[in-house]
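1. Here is the input, now give the coordinates:
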Amino acid sequence: MDISVVIPTWNEEKYIESCLKSIRSQDTRAEYEVIVCDARSEDRTIEIAEKYADKVVISDMRSIGIQRNLGAKQATGNYLVFIDADTVIPPNYLEKVMEKFESDPELLGFSARFIFSKRDRKLVFAEKITNSYLDFRSKVGFAILPGFNTCVRRDIFESIGGFRDVPLEDGEFGFRMRRSGKTKYFTDFYVITSSRRLEGMGLLGTIRYYLEMDLATKNARIGRLLTYNKYHRVDSVMLQKEFAKIFNPNAFMIDTVIRNYIKKKVDDLQFVDKVTEISKSIAELKLIARVDKGDVDRAIEFIKKRAKLKKLKIKKY
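-> Got it, this is the predicted structure:
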């Protein structure tokens, strides 16, 4: 097998079919497989994925780094291509992947430039600025590998341990790749991706995010000063404040029974920084509108699985 394409998903029914159709429509001599690693989506993502993917792997952890790693473990290709669910690849993309690796034995990994699927002046400006910055970094030997399209030799991926379960996992992965050898950001081919990050963070916020991303993965002291340091490190004080905000009975409809239920569950956890772990999990589960017992149970299960990975002991209920 030449190429294994790995797509991590969670509730991506809006995008996943277009993504998978584009992968299945490649004009290439490469033998390739498609692997979707899903974090137990609650919509039709898995149903759609099963129509197109060679393998659908289920992850009990909703972590894009862990999901990519699980998909990679099922891969048989010499090259790994990581594509995000909201990204579409042109028909020549996988052929270009083959050409890049075959023409340069020293090349360990790379990404291609991107364009947004929505075309307006603001988005075109943002993609030009960001692509220019990423191209410059590559030319001076400090390539950044955006996670929505990252290509890497499988043996190198395995040797450095794959992605880590950390914020800004693609920036951290790219940093370790650079330390291992040659990486590039190519502008002679591209992917088409959604603008949902830009729409959520704003134009200047998105540009600044990419500018700061690499700095934050290098130095924790620098990361503390950056606008988007929350993507890089966990600030326990901030998380505790967020926890209080989420469970403030004046802000959300949480009755006495549910508050007591939450307190009992929290008190049963047998490790330090309980509030930090709970708040992190609640934030990841996006439990922000109304909390009920089912939500609490989901959060606790998420915490238990996270703690298990950290080899922490938790009391069984």
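
2. how about the helices in the chain?
-> In the chain, the helices defined using DSSP state H lie at 16-24, 45-52, 64-73, 93-103, 121-139, 154-159, 169-180, 196-201, 203-218, 220-225, 236-246, 256-268, 274-285, 293-309.

3. G147: neighbour count?
-> Residues within reach of G147, counting by other CB atoms under 10 Å, total 21. Every residue, glycine included, has its C-beta placed from N, CA and C.

4. That one against I64, yeah?
-> Yes: counting by CB atoms under 8 Å, I64 is a contact partner of G147 at 7.0 Å.

5. what is in contact with those two at once?
-> Common contacts of G147 and I64 (CB atoms under 8 Å, 6 or more residues apart in numbering): E169.

6. which one is Y190 nearest to, not counting chain neighbours?
-> Nearest non-adjacent residue to Y190, counting by CB to CB, 6 or more residues apart in numbering: R113, 4.7 Å away.

7. Count the neighbours of the one you found for me.
-> Around R113 there are 20 other residues, counting by other CB under 10 Å.

8. now F116
-> When neighbours are counted by other CB under 10 Å, F116 registers 18.

9. contacting residues around the longest strand anywhere in the chain?
-> The strand that spans the most residues within the chain, counting by DSSP state E, is strand 182-193. Applying CB under 8 Å, 6+ apart, the contact partners of strand 182-193 are 83-84, 86-90, 92-93, 96, 100, 104, 106-117, 131, 134-135, 137-138, 143-145, 148-149, 174, 177.

10. try 6 Å this time
-> Identification of contacts with strand 182-193 by CB atoms under 6 Å, 6 or more residues apart in numbering yields 87-89, 96, 106-115, 117, 134-135, 138, 143, 148-149, 177.

11. quick check: mean pLDDT across stretch 133-140?
-> Mean per-residue pLDDT for stretch 133-140: 89.

12. Could you tell me the angle between the longest strand of the chain and helix 121-139?
-> Calculated by axes from the mean of the first three to the mean of the last three CA atoms, to 10 degrees, strand 182-193 forms an angle of 170 degrees with helix 121-139.

13. what's the angle between strand 182-193 and helix 169-180?
-> Relative orientation of strand 182-193 versus helix 169-180 (the same axes, to 10 degrees): 150 degrees.

14. Apart from its neighbours in sequence, what residue is nearest G109?
-> Closest to G109 by CB to CB, 6+ apart is V152, at 3.8 Å.

15. you'd agree the one you found is up against L80?
-> Yes: between V152 and L80 there is a contact at 5.2 Å, judged by CB atoms under 6 Å.

16. who's in contact with the nearest residue to R44 once chain neighbours are set aside?
-> Nearest residue to R44 in three dimensions, chain neighbours excluded: E13, at 4.4 Å (CB to CB, 6+ apart). Under the criterion of CB under 6 Å, 6+ apart, the contact partners of E13 comprise D43, R44, T45.

17. Same question for N78.
-> D2, R154 are the contacts of N78 under CB under 6 Å, 6+ apart.

18. Provide the backbone phi and psi angles at it.
-> With angles defined as degrees, to the nearest 10, N78 sits at phi -70, psi -30.

19. F101 and R154, how far apart?
-> 11 Å (CB to CB, to the nearest Å).

20. any idea how far W10 is from I89?
-> Distance of W10 to I89, computed by CB to CB: 20 Å.

21. More neighbours: these two, which one.
-> Each of W10 and I89 has its neighbours counted (other CB under 10 Å); I89 has more, 24 against 18.

22. Run a quick check on that one versus S22, I expect a contact.
-> Yes: between I89 and S22 there is a contact at 5.0 Å, judged by CB under 6 Å.

23. Could you check what's spatially nearest to Q67, not counting adjacent residues?
-> P8 (3.6 Å).

24. next one: I66
-> Closest to I66 by CB to CB, 6+ apart is D165, at 5.4 Å.

25. before we move on, what about S25?
-> P91 (5.8 Å).

26. Please look at that neighbour and D27 and confirm they touch.
-> Yes: in terms of CB under 6 Å, P91 counts as a neighbour of D27; the distance is 4.5 Å.

27. what sits against T76?
-> T76 is in contact with M1, counting by CB under 6 Å, 6+ apart.

28. Would you mind measuring from the nearest residue to L20 once chain neighbours are set aside to A143?
-> Among residues not flanking L20 along the chain, Y52 sits closest, at 3.7 Å (CB to CB, 6+ apart). Applying CB to CB, the value for Y52 to A143 is 30 Å.
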